[in-house]
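1. Sequence first, then the predicted structure, then my questions.
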4 protein chains.
Amino acid sequence: MTKIGDSENNITTMKALVFHGANNLALEDRPKPKIIHATDAIVRIATTTICGTDLHILKGDVPTITAGRILGHEGVGMIEEIGTNVSGFHKGDKVLISLITSCGGCSFCKKGMYSHCRNGGWLLGNSIDGTQAEYVRIPFADTGLYLLPPDVDDEAVVMLSCILPTGLECGTMNGQVKPGDIVAIVGAGPVGLAVLLTAQLYSPAGIVMIDLDDNRLEIARLFGATQVVNSSDGKAAERVMALTQSAGVDVAIEAVGLSATFNICQAIIAPGGHIANVGVHGKSVELHLERLWASNITLTTRLVDAGTTPLLLKMVQSGRLDAKKLVSHRFELSEIMKAYDTFANAAKEHALKVVIRNTNVNGRNLKENS
Amino acid sequence: MTKIGDSENNITTMKALVFHGANNLALEDRPKPKIIHATDAIVRIATTTICGTDLHILKGDVPTITAGRILGHEGVGMIEEIGTNVSGFHKGDKVLISLITSCGGCSFCKKGMYSHCRNGGWLLGNSIDGTQAEYVRIPFADTGLYLLPPDVDDEAVVMLSCILPTGLECGTMNGQVKPGDIVAIVGAGPVGLAVLLTAQLYSPAGIVMIDLDDNRLEIARLFGATQVVNSSDGKAAERVMALTQSAGVDVAIEAVGLSATFNICQAIIAPGGHIANVGVHGKSVELHLERLWASNITLTTRLVDAGTTPLLLKMVQSGRLDAKKLVSHRFELSEIMKAYDTFANAAKEHALKVVIRNTNVNGRNLKENS
Amino acid sequence: MTKIGDSENNITTMKALVFHGANNLALEDRPKPKIIHATDAIVRIATTTICGTDLHILKGDVPTITAGRILGHEGVGMIEEIGTNVSGFHKGDKVLISLITSCGGCSFCKKGMYSHCRNGGWLLGNSIDGTQAEYVRIPFADTGLYLLPPDVDDEAVVMLSCILPTGLECGTMNGQVKPGDIVAIVGAGPVGLAVLLTAQLYSPAGIVMIDLDDNRLEIARLFGATQVVNSSDGKAAERVMALTQSAGVDVAIEAVGLSATFNICQAIIAPGGHIANVGVHGKSVELHLERLWASNITLTTRLVDAGTTPLLLKMVQSGRLDAKKLVSHRFELSEIMKAYDTFANAAKEHALKVVIRNTNVNGRNLKENS
Amino acid sequence: MTKIGDSENNITTMKALVFHGANNLALEDRPKPKIIHATDAIVRIATTTICGTDLHILKGDVPTITAGRILGHEGVGMIEEIGTNVSGFHKGDKVLISLITSCGGCSFCKKGMYSHCRNGGWLLGNSIDGTQAEYVRIPFADTGLYLLPPDVDDEAVVMLSCILPTGLECGTMNGQVKPGDIVAIVGAGPVGLAVLLTAQLYSPAGIVMIDLDDNRLEIARLFGATQVVNSSDGKAAERVMALTQSAGVDVAIEAVGLSATFNICQAIIAPGGHIANVGVHGKSVELHLERLWASNITLTTRLVDAGTTPLLLKMVQSGRLDAKKLVSHRFELSEIMKAYDTFANAAKEHALKVVIRNTNVNGRNLKENS
């Protein structure tokens, strides 16, 4: 007689979203991953989501991604198997997956720059297979996973894999938002909204949200923006200067990745202010040093290190950060192609983050979170 | 019978270097300045010097300077007269003049951003008459002057009016130089050398100096550079990357103000590194965000605030900073036109800072410092 | 015929609360103050309040206060007269008075340590006459006053003279409260509550309030404490350790000034944590270095510098900080003796801050704020 | 025929210094350690040294040390064997051993507080066998070892296992020494001298060294102290106040661990200053909050985390830090009992750090470093 556990262990294939070159994705059967190193863990995915970066990959803009790669770097799931050298986790633990893989020992890890780990960095859904699948192998599991209480809400917590640490670290913290500041955020997409949510942890006196889309600006207002500016007429900078009595803003956060949006930041920053770049840029930008050289400004760039995930977990668990409100749509893993369509047409679909649940795949019903 | 003191008080004219438009300077007689506000002081100049900015003014590049202005924002001298509301100084005190005028009470002053003081900033030799004269009026004397012991060396101390605070604040401190760092300084002119001298206060493991001029690089070596790179073949960045085993530098300091030199900084900065712009730029530059967005770099700009002058005074007085070695040439005030020629042809003249002494002008021999 | 303005200028006496030695206060007639230095201003007080320090003075515990001194260092009012060297204010301006007098130019002021200003510090109601009067002379008016919009609420803003900067600077900022932290505040009197209100600007995950008085703990809960601990059984430390699963707290803030309350802080601080002392101590305490030497803790002390008043003004004006809820009782200046009684019996009277309005004194009705 | 390599691998015993209770040490044969976890390494010790903490252990003052423990937490050696999960090292690598064992993944490690690592901390020569032996097992080898170039000087580098990171982190960095500061160091033993050497990396204007022993003060002067004060007459604090024209010192560093030396620090600290405790205290101290509550001081404690070892390695390798001058005496491992005697009578023997070389033990001649 076969026990259920045995039968699960015998499963050797799984569903996974595979990249086959530009504009070519497929949900297909792939071998279930196995432990390779003693520090690995195999996680059964319960909840994942799609990142703006996945859309860049889909367009063929990210040259490090080769055909055949399973995408995805965000996820919540359950430990299925651990390597002999994983000390912090056990089979059955509910875990959050960090987008960043880090060895914990290299010179970059010791500085907290996990994104540049000499033995890790952003690997999942990039140079190794990712989380948009039933199972994923997580290297350096002790540093790449976070233990979750069984009753935590997957949809809230999966926002801590990538988007909320990105907003907090690259935007809010690099921008040094502090009480009393006037903050401008250029771009009200999911990343800009993640900046908006996390900036409020530091109590700025005002947050001006700038975007082309009135619907997104309306959401920004609901999420806490004190003023919104539609930039479609090219006069956003003038309007922000008027709002600030020509003083400019203390912090300007670029959350788009284009020359035009970077220019708004340059035009509105007050002397002594901070420009924090969050957007992924495909081209160089013009930096107006002929004006800014004397303005005592600080400009930062950053690939998210995800070192703030524990802090964000505490904020979500204490009820002080409502991460879940970033989720606009929900899909089953079997519907992931539709989820990509929705997310790729975010403006039209009024989509923020789309969540993908792996509740009933291959005839099994996992429902870890029900 | 007339006493000398009386006769001095009766003097109403003085020699002063006056700007009469692009490429038009003259040493001429001007009225001796008088107290205007109760917080002013009149200082009799003993020692002054010429700044790279004065050369920009001379070329007509600084539109805020109008014809008729007495130039100069650096100086050491003696208090000749104080307003009724100056509490920290007395007639006869030996003082250092800060290039920055600050009210001490506005929001920028309270942040230590004296360069952006709402009632001050860089005024001397800019919007009010400056220090390349026998006398100068100093507004907000209590914050704009520093008391000096009588025996301090004028030539060392006059380097603290502008160039050493500039090197320290805009370069070394903004670059966050720390023990163990590898620092690159692009530009071995006086400002770059001021960065070099002050960077050593924080014990970096190595300092690479980059310039087109072998003579200046040789001086940089004498001043403490551990490596020098002549950039005239356009391969400076490659050479620095080779010197650092492709790791790049922790801190890159731009001390020229050109696109080409800024580009070297961008090309050699390590992930997590700091680019500190010191140079005065006349044009915008291209910022390679398509590469740097993921590099966790920090880029700063700054107009010197001169808040570090007291610290630098302590370092000079304790013998830990040899400020005087920045001085290459000495002139009398009567020879100031020649001093400008020498400084304007610095490469040919092997000039660093040129010092101007006011020892014997108008038949009087002041010799405060002899 | 005499105009009202003239008549007001002719007034030469005023009502003032005068200290005549321990436990001896009187509201009596005193000469109206006059401009002494060109940087002074005379302010007509509209609203003032009583500080815990005033109670210490009343007991005779503050030796710097001599008999005959007018007490009070908090206030909102209107500029009555300015010295010739006051540039930032005009007659008739509504202003907030800072408890700290600062020259803006000395070495302590330049570090932002205004409380230790060589020409100022805490002078009002201490070494010079204070604000519990109809008029007060404010030295260095440009740095000691803040311009207020006419419609701002006096009762909210007078909390920014002393108690809220104290809570923010000595407690919250010195304790380095940050998102995700667990903070304990020992003492739920007005100062502890000011810490509680300002700590929330940095979004800690939890705030534990500790006091002997259940009524004050209940107020703390209303003000945002997530847990409260009554320490009257001597087991507060054990209870906090239990609440934190023996981890201890990230920040412990002492807001009482006694050995017993300091001991609670020492006992509950987590490794790497911050103990911020706010309380005024009359005796030394025992510091358990035999245990703490290895705990990587940071312990701070501070006399409020009030450099954060502008930040707090922005927070109050943007509606993000409800300063007014610290006010529990209101009195006229003529009732100030009763106000002292109420404040001195705070536990019995359920008093927090008591506000004193100068609305109708000497037959005049000022009502600046009605 | 037996090859030498084979023969070495067959060795199963080694010489080791074993603690058998208070005042009872013996150099004896012990089994050679073996790999236990896949992340372990076995290091053959070439050079070790004795720490002040070892003397405390010897007296029986450290209750965590049980009889039978091999002492020592400092060392330089060669990798003899690595676990299957050690990725950064190979057999034969020359390595520096950190006194701190860290997992790299726990919440304390992620904050850089390796000393409080939940899976490590100070283990060597404490809860596991240490380095005063021919071989040692190093847990979490990837984070606990540093690769050394073959030609680096063992005696300089072994100072980076414990004493120089202690001086730098607990003293210099916690004290926030910066250019222009006046620093006082109380205690001129090896740890105080390590503070002295590392403080100079930040260019203070003056360093006052305080001790009871004129010989040590003379060494302090040679090592860079600008002033020395013999405290044997109980008037050290008065003398330091006189040296600073009653201003006090910016940084006071306690490097002894006694009430009397802590008191000197409290008495001489300037308002706004930093007291950094480095000494190991056996008893509580009296903290004068009745005076210090208003002084804006910061007091820190710290168990060395050794996160600065890479920085210190760069400083030693670049020639900017002469670590070797801390070494006063040299012994063979066979003479280690004599080394303890010398170090325990440091004042009489004029001993600083005593180095123990394992050059010729059991008939083998290792001479890795000759």
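-> Thanks, I have the structure now.
2. can you give me the helices for the stretch 51-200 of chain A?
-> With DSSP state H, counting those that start in this stretch, the ranges of helices along the stretch 51-200 of chain A come out as A:52-58, A:107-110, A:141-144, A:154-157, A:163-166, A:190-199.
3. actually the stretch 201-350 of chain A, sorry about that
-> Using DSSP H, counting those that start in this stretch, helices in the stretch 201-350 of chain A cover A:214-222, A:236-243, A:259-268, A:289-292, A:309-317, A:336-344, A:346-349.
4. Of all the ones you listed, which one comes closest to chain D?
-> Among the helices of the stretch 201-350 of chain A, the nearest to chain D by Cβ to the nearest Cβ is helix A:309-317 (6.4 Å). In this view, the C-beta of every residue, glycine as well, is placed from N, C-alpha and C.
5. Please work out the angle formed by the directions of the closest one and helix A:190-199.
-> On the basis of axes from the mean of the first three to the mean of the last three Cα atoms, to 10 degrees, helix A:309-317 is oriented at 80 degrees to helix A:190-199.
6. and stretch A:191-207, how far apart are its ends?
-> 15 Å (Cα to Cα, to the nearest Å).
7. on that earlier part again, using JSON lines, please lay out the helices of the stretch 51-200 of chain A together with distance to A:R291, mean neighbour count and mean pLDDT.
-> Compiled in JSON lines, the helices of the stretch 51-200 of chain A are given as follows (distance: least, Cβ to Cβ, whole Å; neighbours: other Cβ atoms under 10 Å in any protein chain shown; pLDDT from 0 to 100):
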{"stretch": "helix A:52-58", "distance to A:R291": "31", "mean neighbour count": "20", "mean pLDDT": "94"}
{"stretch": "helix A:107-110", "distance to A:R291": "34", "mean neighbour count": "20", "mean pLDDT": "92"}
{"stretch": "helix A:141-144", "distance to A:R291": "43", "mean neighbour count": "26", "mean pLDDT": "94"}
{"stretch": "helix A:154-157", "distance to A:R291": "43", "mean neighbour count": "22", "mean pLDDT": "97"}
{"stretch": "helix A:163-166", "distance to A:R291": "29", "mean neighbour count": "28", "mean pLDDT": "98"}
{"stretch": "helix A:190-199", "distance to A:R291": "25", "mean neighbour count": "28", "mean pLDDT": "98"}
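8. Tell me which of the ones you listed approaches chain D most closely.
-> So among those, helix A:141-144 is nearest, using Cβ to the nearest Cβ, at 4.1 Å.
9. which residues are in contact with the closest one?
-> A:39-41, A:82-83, A:86-89, A:97-98, A:100-104, A:109, A:114, A:120, A:138, D:103-105 (Cβ atoms under 8 Å, 6 or more residues apart in numbering or on different chains).
10. before we move on, back to that, identify whichever of the helices of the stretch 201-350 of chain A lies nearest to D:M315.
-> Checking those against D:M315 by Cβ to Cβ gives helix A:309-317 as the closest, at 32.4 Å.
11. Residues in contact with that closest one: which ones?
-> By Cβ under 8 Å, 6+ apart, helix A:309-317 touches A:96, A:98, A:146, A:148-149, A:152, A:156-157, A:160-161, A:164-165, A:168, A:198, A:201, A:321, A:323, C:178-180, C:203, C:205, D:107, D:110.
12. Let's see that with 6 Å instead.
-> A:98, A:146, A:156, A:160, A:164-165, A:321, A:323, C:179-180, C:205 (Cβ atoms under 6 Å, 6 or more residues apart in numbering or on different chains).
13. repeat for stretch A:64-73
-> A:16-21, A:48, A:54, A:57, A:99, A:124-126, A:129-133.
14. what sits against A:D305?
-> A:D305 neighbours (Cβ under 6 Å, 6+ apart): A:113-115.
15. Report the separation between it and chain D.
-> 10 Å (Cβ to the nearest Cβ, to the nearest Å).
16. residue boundaries of the strands in the stretch 1-150 of chain A?
-> A:13-19, A:25-31, A:41-49, A:69-70, A:75-82, A:94-97, A:135-138, A:145-147 (DSSP state E, counting those that start in this stretch).
17. Quick check: closest non-adjacent residue to the one residue in chain A that gets nearest to chain D.
-> Residue nearest to chain D within chain A (Cβ to the nearest Cβ): A:G104, separated by 2.7 Å. Nearest residue to A:G104, sequence neighbours excluded (Cβ to Cβ, 6 or more residues apart in numbering or on different chains): D:G104, at 2.7 Å.
18. give the contact list for that neighbour.
-> A:104-105, D:143.
19. 10 Å - rerun?
-> Applying Cβ atoms under 10 Å, 6 or more residues apart in numbering or on different chains to D:G104 gives the contacts A:102-106, A:109-110, A:140, A:142-143, D:39, D:110, D:114, D:117, D:119-120, D:140, D:142-144.
20. before we move on, what about A:G234?
-> A:260, A:264.
21. ditto for A:W293
-> A:287, B:170, B:254, B:257, B:277-282, B:285, B:301-303 are the contacts of A:W293 under Cβ under 10 Å, 6+ apart.
22. how close does it sit to B:E254?
-> 9 Å (Cβ to Cβ, to the nearest Å).
23. what is in contact with these two at once?
-> B:170, B:277-279, B:281, B:285, B:301.
24. Can you add pLDDT and give the residues you listed back as CSV?
-> Converted to CSV, the shared contacts of A:W293 and B:E254 look like this (pLDDT from 0 to 100):
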residue, pLDDT
B:C170, 98
B:N277, 98
B:V278, 98
B:G279, 96
B:H281, 94
B:V285, 98
B:T301, 98
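25. Between which two of those is the distance greatest?
-> Farthest pair in those, by Cβ to Cβ: B:C170 and B:V285, 16.3 Å.
26. A:S334 touches A:A16, doesn't it?
-> No. Judged on Cβ atoms under 10 Å, A:S334 makes no contact with A:A16 at a distance of 11.9 Å.
27. So which of these two has more stuff around it?
-> The neighbour count for A:S334 versus A:A16, taken as other Cβ atoms under 10 Å in any protein chain shown, is higher for A:A16 (28 against 15).
28. so what's the residue in the stretch 101-250 of chain A that chain B sits nearest to up against?
-> Closest to chain B within the stretch 101-250 of chain A is A:H116: 4.8 Å, counting by Cβ to the nearest Cβ. A:H116 sits next to A:100, A:102, A:106-109, A:122, A:303, A:305, B:270-272, B:294-296 when contact means Cβ under 10 Å, 6+ apart.
29. of the residues you listed, buried ones?
-> A:100, A:102, A:106, A:108-109, A:122, A:303, A:305, B:270-272, B:294-296 (16 or more other Cβ atoms under 10 Å in any protein chain shown).
30. If we only consider the residues you listed, which is nearest to A:D29?
-> Checking the buried ones among the contacts of A:H116 one by one against A:D29 (Cβ to Cβ), the nearest turns out to be A:W122, at 26.0 Å.
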